[in-house]
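Q: pasting the sequence and the predicted model now:
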Amino acid sequence: MNPFSIDSAKALEEVAAFSRKLADGVQAVAGIGEVEVGCSAKDAVYSEDKLTLYRYKPLAPDAGFAPVLLCYALVNRPYMVDLQHDRSLVRGLLERGLDVYLIDWGYPDGADRFLEIDDYVNGYLDRCVEQVRKASGRDAINLLGVCQGGTFSLCYTALHPEKVSNLITMVTPVDFQTPENLLSKWARHIDVDRMVDVMGNISGELLNMTFLSLMPFRLTSQKYVALADIIDDSTQLENFIRMEKWIFDSPDQAGETFRQFIKWMFQENRLMQGTLELGGRRVDLSTIQCPVFNIYATQDHLVPPSASMPLESLVGTKDYSVFAFPGGHIGIYVSGRARQVPQAIGDWLAARG
């Protein structure tokens, strides 16, 4: 008997059963309708152009720490940090008595075409920090930067060290040219000048397709095949749809900021080399003397550990800590182990008063 032979009748039966299950799934998905994203209550406390600064309502007695300002990346929507009640970075921090603010960069349009990185770091981010300082009566706040927002936060802290009490970076790239960096392999070889000159703002849909193409089977076909296993579980199905909504909710990118970020970071690696300048000042990471907590994901395909770990050798502080999260770039927010992150942040801040 050939061990590699296939029972054609059984195979056809399995395919038919799978097809029926998928058909039922389509009806189940349609029946769910619109899902809610961003589970924690918040108030808009400042707005400017497309930007909105939110302050979350407390969930526990005040722990007495300086407020935490979350600076998210430009390339996706920030509600990933508060996607659902049981897996929310924001909620985990609130439950520990922290005062949490979040910058929502909004959706850039043609009016934002010529915004530069300096406008985001020394402009928008600085004015948000000033709002939080004023509201709290504190000279310095805690800054938590996520991915590209972490890179912006590093730049900001280097240029305005007196305004940051503690710096937390999550899945934040510092060395943009490590061999494991799949995104770098794409970004380092594109003609970004021609791309921006022709397109102006860069389509969020285009960038989203680029991210998915880095791991096409895992991020497309495989996850939709796996969807069949949760069709009968309405809770898991809602979570899946909520994640899909976030993945495809991709803002366009201000053209000049995109040009600068690709050229200065990926192609010239200026942050790592110490040659980055913003607003006429060199971004010298050695001027960061406040405590730094660097959180990276061990299975991250967008910001591999090798891209984040060199931060220790660049900052000037002696109070440098690391948390290696056992998961990926998205799992650090929504996996079953994601609750480890706010706990680690809360413990780290508590140890520093």
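A: Right, received. Where do you want to start? Source: prediction; values computed, not measured. Numbering: from 1, shown residues only.
Q: in the stretch 1-150 of the chain, where is pLDDT below threshold?
A: Along the stretch 1-150 of the chain, segments meeting pLDDT under 70 span 1-8, 11, 14-35.
Q: what do you get if the cut-off is 90, keeping everything else the same?
A: 1-39, 76, 79, 83-87 (pLDDT under 90).
Q: ranges for the helices of it?
A: Applying DSSP state H, counting those that start in this stretch to the stretch 1-150 of the chain gives helices spanning 8-32, 89-94, 117-118, 126-136, 148-159.
Q: hey, where'd the strands end up in this protein?
A: 42-48, 51-56, 68-71, 100-104, 141-146, 164-170, 277-278, 281-282, 292-297, 320-325 (DSSP state E).
Q: so which bits of the third one are buried?
A: Going back to what we said before, that points to strand 68-71. Buried residues in strand 68-71, counted by 16 or more other CB atoms under 10 Å: 68, 69, 70, 71. Where C-beta positions appear, they are placed from N, C-alpha and C, glycine not excepted.
Q: what strands flank that strand, and is each parallel or antiparallel?
A: Counting by DSSP bridges, the strands paired with strand 68-71 are strand 100-104 (parallel), strand 141-146 (parallel).
Q: pLDDT averaged over stretch 244-253 - what is it?
A: For stretch 244-253, the per-residue pLDDT values average out at 83.
Q: give me the contact list for it.
A: For stretch 244-253, the external contacting residues (CB atoms under 8 Å, 6 or more residues apart in numbering) are 35, 37, 74-77, 79-80, 83, 105-109, 201-205, 207-208.
Q: any of these buried? List them.
A: 35, 37, 74-77, 79-80, 83, 105-106, 108, 201-202, 204, 207-208.
Q: same list (the buried residues of strand 68-71) but as TSV, adding distance to residue 167.
A: Listed next are the buried residues of strand 68-71 as TSV, based on distance: CB to CB, whole Å:
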residue	distance to residue 167
68	11
69	11
70	12
71	10
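Q: who are the contact partners of the nearest residue to residue 349 once chain neighbours are set aside?
A: In space, and not counting its chain neighbours, residue 349 is closest to residue 65: 5.5 Å by CB to CB, 6 or more residues apart in numbering. Under the criterion of CB under 8 Å, 6+ apart, the neighbours of residue 65 are 97, 98, 99, 142, 349, 350, 353.
Q: and the fifth one, how many residues sit next to it?
A: Residues contacting residue 349 under the criterion other CB atoms under 10 Å number 23.
Q: surely it meets residue 166?
A: Yes - if you go by CB atoms under 8 Å, residue 349 and residue 166 touch, sitting 6.4 Å apart.
Q: between those two, what contacts are shared?
A: Jointly contacting residue 349 and residue 166 under the rule CB under 8 Å, 6+ apart are residue 142.
Q: circling back: distance-wise, check the residue nearest to residue 349 relative to residue 94.
A: According to CB to CB, to the nearest Å, residue 65 and residue 94 sit 12 Å apart.
Q: now residue 178: how far from residue 42?
A: 36 Å.
Q: quickly compare the strands paired with strand 68-71 and say which is most buried.
A: Highest mean neighbour count of the strands paired with strand 68-71: strand 141-146, a mean of 27 (counted as mean count of other CB atoms under 10 Å).
Q: what residues does it touch?
A: By CB under 8 Å, 6+ apart, strand 141-146 touches 65-73, 78, 81, 129, 132-133, 151-154, 156-157, 163-172, 345, 349.
Q: just to revisit the earlier point, turn the strands paired with strand 68-71 into JSON lines, columns for distance to residue 333.
A: Below are these laid out as JSON lines (distance: least, CB to CB, whole Å):
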{"stretch": "strand 100-104", "distance to residue 333": "13"}
{"stretch": "strand 141-146", "distance to residue 333": "9"}
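Q: does residue 298 touch residue 329 like I think?
A: No - contact criterion CB under 8 Å: residue 298 and residue 329 do not qualify, at 10.7 Å.
Q: ok, now which ones touch residue 299?
A: 326, 327, 328, 331.
Q: try 7 Å
A: 327, 328 (CB atoms under 7 Å, 6 or more residues apart in numbering).
Q: what about residue 197, how many neighbours?
A: For residue 197, the neighbour count with other CB under 10 Å is 11.
Q: check what pLDDT it gets.
A: If you check residue 197, the pLDDT there is 96.
Q: quick one: it from residue 187, how far?
A: Applying CB to CB, the value for residue 197 to residue 187 is 17 Å.
Q: and what of residue 90?
A: Using CB to CB, we find residue 90 at a distance of 30 Å from residue 187.
Q: please apply the same query to residue 96.
A: Residue 96 is 37 Å from residue 187, where distance means CB to CB.
Q: gap between the two ends of stretch 195-206?
A: 12 Å (CA to CA, to the nearest Å).
Q: can you offset everything so residue one is 689?
A: Okay, residue one is now 689; in that scheme the one you just asked about reads as stretch 883-894.
Q: residues contacting that stretch, please?
A: Under the criterion CB under 7 Å, 6+ apart, residues 796, 798, 801, 938, 939, 940, 941, 942, 943, 946, 947 lie in contact with stretch 883-894.
Q: which among these end up buried?
A: In these, burial by neighbour count holds for 796, 801, 938, 939, 940, 941, 942, 943, 946, 947, counting by 16+ other CB under 10 Å.
Q: which of those residues lies closest to residue 813?
A: When the buried ones among the contacts of stretch 883-894 are ranked by distance to residue 813 (CB to CB), residue 942 comes first, at 14.2 Å.
Q: quick check: the closest one touching residue 804?
A: No - in this structure residue 942 lies outside contact range of residue 804 using CB atoms under 7 Å: 8.1 Å.
Q: since that was my last question, I'll sign off now.
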